[in-house]
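Chemist: whatever this is, show me its structure:
(3 chains)
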Amino acid sequence: MPATSSPLVAHLNEAQQRAVTLPAQHALILAGAGSGKTRVLTTRIAWLLSQGDCSPANILAVTFTNKAAKEMVARLTAMLPINTRGMWIGTFHGLCNRLLRAHHRDAGLPQLFQILDSADQLAAIKRLLKTLNIDDEKFPPRELQHFINAQKEAGLRPEAVEAWDDYTKRRVELYREYEAQCQRESVVDFAELLLRCYELLERNEPVRRHYQGRFRHILVDEFQDTNVLQYRWLKLLAGGEPPASLFCVGDDDQSIYAFRGAEVGNMRDFEREFHIQEVIRLEQNYRSHGNILDAANAIIRNNAGRLGKNLWTESGAGEPIRIFEAFEDKDEARWIVDEVQQLVREGALRADIALLYRSNAQSRVLEHALFSAGIPYRVYGGLRFFERQEIKHALAYLRLIANPDDDTAFARVVNFPTRGIGARSVEALQEAARTWNTSLYAAVPHLSGKPGTSLGHFVRLVENLRRDTAKLQLPELVDHVLDASGLRAHYQAEREGRERLENLDELIAAAANFVAEAQADTDALAADHALLADFLAHASLEAGEHQADQGMDAVQLMTVHAAKGLEFDAVFLSGLEEGLFPHENSIQDPDGLEEERRLMYVAVTRARKRLYISFAQSRMLHGQTRYHPRSRFLEEIPEGLTRWLTPQHPRSFAQESSRGFYQPPRGAFSSRAATPPAPKSTQELPGGLRIGQLVAHARFGKGVIIAAEGSGSDARVQINFGDAGVKWLLLGVAKLEPC
DNA sequence: GGTTCGACTATTTTT
DNA sequence: TAGTCGAACC
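Modeler: Coordinates of the predicted model:
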C-alpha cells in the first residue's frame, strides 16, 4: 500500500507525511511553531507499528516534560487499538530512573535510592559546607550547585574536570565531597540520574547491548533543548549493531533554555554526525493568522546561524497586530484589562486569553488591575504540589522509612514537629556522623550522654514507622505516617494550617492514585516498601500541577517561557521595553540577545487570532521608577502588519543609540540616565522640536532632547548635553538651535 | 525554640 | 517594592 493512501497519514500534509513514513533511518525534523509536531511524532510511532516490522517494545520516545510524555501516550492510545505498555515513553529523567532501578547493582546504587530535587540538592550542599566548615560566603551554595550540575551535564566527574585556578580546584574538591556524601546517603540528584545512567550503559556491555538491541526506534521531542549529556546518551543507545533509528524533532528557533544547559548546536551536530541527507521542514502552520506569522518570521530573520525555516498558513492574513504605548505600567495594565473586558463582551472565553510577560515580577501590576476589575485570572508559576512545605515534610518521613540514611530527609524532620532537638544536638550528631563515617541516623547510637535521649526517641519513631507500615497499602501508609509523626497534629494546632491539612489529605489521594496507575502497569512490587520508593521517585520527578483552580474560566497569566507549547486566541504581550525584553542581562552578549529574540518569536507565535503588544514609558521596578525605550523587537516587525493604537513616536536618543555603534554604559536604564516619558500633552513641541532631536545651546553645547513637559509658556524640555549633564530648560527662555 | 527585625536582592525553569 | 534569609533577641 503506498504510504499516502494509508488512513493513518491521509489527513497529513505532504511534509508531515514524508516525515511519518520515512524508512528506518536517522531523521531530523525541523518543526516550526504550530506545525503539528506532536501529531507527527505520534503518527510516526503508529506508522512504524502498522508496518509490522517492529513491536511496541522496540520503541523509545523521549520528552522533556511529563506533560509532553503523557500527551503522547494519550494520543497514541486514541490512535491505536494496541496497548502502549511495552513502549518506553517518558522524560529523560524518568527513563534513566527506570533503567537505574532495573540495574541498580550494576550502577552502584541500592535499590531504594532516593531522588533529590533541586531544593533537596541545595539543602544537601549547604549541609555539606557546614560539615566541612567551609565559608559559604566564599562558596555560595547556589553557585556551587550550578557548578556541580554543569559538570555533570557536560558528562564530567570530578577527576575529569580541568581546573587551573585555585578557586576552581577547590570547587572540584567540593564536587568530589558532594558526590561522596550522596553516595553515603544513597541519594541521586537530577543530573546524576542522567550521568549515572549514561555511565552504566557505557561501561556495562551486556546491559548496553540489551537496550541497544531492544530499542530499534528512538524518537526525541524538543531536540533543541537537549544538553550535551542527553545527546551523548541518545547516541550511545542508538549506537548498537545494527544502529537504531534516531528520529529527532525540534525547532532551533524555539531554543530558549540555553541558560540551563540546552545546546542548540546538538541539532547541527546531529545532522553532521548522523549524515542526515535531508532535513524535513514542517513549515505549514495550523495555529496563527498570516500577519502574526509574518511578524514572527520577520523577527527571527534577524538571528544568524539558523537552520532556516519560514512559517506559512492557508488561513488569511487576519487582523493587524495591535500596538499600544502606555504612559506607565499601571496604564498599560488598565488598558489590557479594558481590552480583555471588551473581548469577553464580544464572546471570547477568558481561558482563551493570555497575558504574557518576560519576567515574573511583571505579573503584579497585571494581577492588581485584573483583581480590581473583578476578572478571574490564573497565574502559572510558583510553588507546585510536591514542593509545598507540608508535603516535603511528609515526604521526608516517607523517605526515612524507605532509607533511614537519607540525611537530607533526616535533617528536615528530626525536629519537625519540634521535639526538643535543637541545633546543638544536631551539630553534635553531625560531628559523630563524621567521625564514624556514617549517616546521621546511624550515628545516633554513637552519641553518649544527654543529647542521646530525644534523638533516641526520634530514631525509635522512625523504627516504629518502618515496622508499623511494612504491611500497609501505600495510601494507608501515608495516612499512618501523617498521624504518627505528629505532622497532622502540628498543622491542626496551627492557625493557618487548614490549607496545609487539605494538602496532606491530597497527598494520600495522590498515593491512592499512584497505586491505581501502578497496578494498571505491569510492574510487580518486589521488595518491601518498593512501591513506596516508586512513589517517592514519582514525587521528585513530577512536582505536580502549578496550583490554582483549573475549572474556572480565567485569563491566563504566565511568562513567555511558561507559554512555550501553548496557544491562545488572543495574546497580550506586555512590557516590550529595552532592558525588560530583551532583558538587560542579555543585551550585551550577542548570543544572549539572540536567545531573547527566539523568546520573542515564541511569544508571538502563541497567538491564534489576535496579538496585542504593549510597552510603557515608565515602570516601577525594584522600588524605583525606571524609563525604558521601547524594545528593538518592535522595530523588527514590518509596519504593514501593525496598527498603532497610540501615536507612534519616533524612537528617542536612547533607543537609537542602544543598537548599533553606541553601547550605553551599564545602568543606562536607571532613572537618572535615561529617557523620562514624553507626556501626551506635548507630543509636538513648539518650534518644530521633537524628542530625540539634536539641538545646540550657547552654554552647554550640543545635546539631545530626551523629554518634555508642560505647555505654553511653561513648556520645558529635558536635554542630555553629555559632559555638561542633563538639564531641564524652559523653551520660552533657552535659545535652542536644531542641528 | 520561636519570633522579630533588618539586610539583602531582584530573568527565564524542568527534571 | 516585596519577599526571603539569617542573626539577634525574648
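Chemist: in the stretch 601-739 of chain A, what residue comes closest to DNA strand B?
Modeler: The nearest approach of the stretch 601-739 of chain A to DNA strand B comes at residue A:622, 3.8 Å away (C-beta to the nearest atom of the strand). Where you see a C-beta, it was placed from the backbone N, CA and C, and this is true even at glycine.
Chemist: give me phi/psi at that residue?
Modeler: When read as degrees, to the nearest 10, the backbone of residue A:622 gives phi 50, psi 40.
Chemist: give me the neighbour count for it.
Modeler: 6 (other C-beta atoms under 10 Å).
Chemist: just the one 5 residues further on next, same as before
Modeler: The number of residues packed around residue A:627, counting by other C-beta under 10 Å, is 24.
Chemist: partner strands of the top strand by length along chain A, parallel or antiparallel?
Modeler: Criterion DSSP state E: the longest strand present in chain A is strand A:607-621. Strand pairing for strand A:607-621, determined by DSSP bridges: strand A:321-328 (parallel), strand A:568-573 (parallel), strand A:624-627 (antiparallel).
Chemist: any stretches of the stretch 1-150 of chain A with poor pLDDT?
Modeler: A:1-5 (pLDDT under 70).
Chemist: residue A:79 and residue A:565: what is the separation?
Modeler: Distance, residue A:79 to residue A:565, by C-beta to C-beta, to the nearest Å: 20 Å.
Chemist: neighbours around the closest residue to residue A:469 other than its chain neighbours, how many?
Modeler: Once flanking residues are discounted, residue A:469 sits nearest to residue A:477: 4.4 Å by C-beta to C-beta, 6 or more residues apart in numbering. Using other C-beta under 10 Å, the number of residues around residue A:477 comes to 23.
Chemist: against which helices or strands is the strand or helix carrying residue A:477 packed?
Modeler: Counting by DSSP states H and E, the element that carries residue A:477 is helix A:474-484. Counting contacts by 3 or more C-beta pairs under 8 Å, 6 or more residues apart in numbering; DSSP states H and E, helix A:474-484 packs against helix A:389-402, helix A:451-469, helix A:487-493, helix A:498-520, helix A:530-541.
Chemist: apart from its chain neighbours, what residue comes closest to whatever residue of the stretch 51-200 of chain A ends up closest to DNA strand C?
Modeler: Nearest residue of the stretch 51-200 of chain A to DNA strand C (C-beta to the nearest atom of the strand) works out as residue A:126 at 6.8 Å. Setting aside the residues directly before and after it, residue A:126 is nearest to residue A:141 in space (C-beta to C-beta, 6+ apart), at 4.9 Å.
Chemist: tell me which helix or strand comes right after the helix or strand of chain A with the lowest mean pLDDT.
Modeler: Here the helix or strand of chain A ranked lowest by mean pLDDT, DSSP states H and E is helix A:653-658, holding a mean of 41. As assigned by DSSP H and E, the chain's next helix or strand after helix A:653-658 is strand A:694-697.
Chemist: any idea of the mean pLDDT for that following strand?
Modeler: Averaged over strand A:694-697, pLDDT sits at 79.
Chemist: which strand or helix spans the residue of the stretch 251-400 of chain A found nearest DNA strand C?
Modeler: Going by C-beta to the nearest atom of the strand, DNA strand C is nearest to residue A:364 of the stretch 251-400 of chain A, at 6.5 Å. Assigned by DSSP H and E, residue A:364 falls within helix A:363-373.
Chemist: which helices and strands sit right next to the helix or strand just after that helix?
Modeler: Using DSSP H and E, the next helix or strand after helix A:363-373 towards the C-terminus is strand A:377-379. Judged by 3+ C-beta pairs under 8 Å, 6+ apart, the packing partners of strand A:377-379 are helix A:363-373, strand A:555-559.
Chemist: kindly check the end-to-end length of stretch A:465-478 for me.
Modeler: Using C-alpha to C-alpha, to the nearest Å, the gap from the first to the last residue of stretch A:465-478 comes to 10 Å.
Chemist: give the buried residues for that stretch.
Modeler: A:465, A:469, A:474-475, A:477-478 (16 or more other C-beta atoms under 10 Å).
Chemist: what comes into contact with that stretch?
Modeler: With contacts defined as C-beta atoms under 8 Å, 6 or more residues apart in numbering, stretch A:465-478 is touched by A:394, A:397-398, A:400-401, A:404, A:480-481, A:484-485, A:507-509, A:511-512, A:514-515, A:528-529, A:531-532, A:535.
Chemist: list buried residues within these.
Modeler: Here, 16+ other C-beta under 10 Å leaves A:394, A:397-398, A:400-401, A:404, A:481, A:485, A:507-508, A:511-512, A:514-515, A:529, A:531-532, A:535 buried among the contacts of stretch A:465-478.
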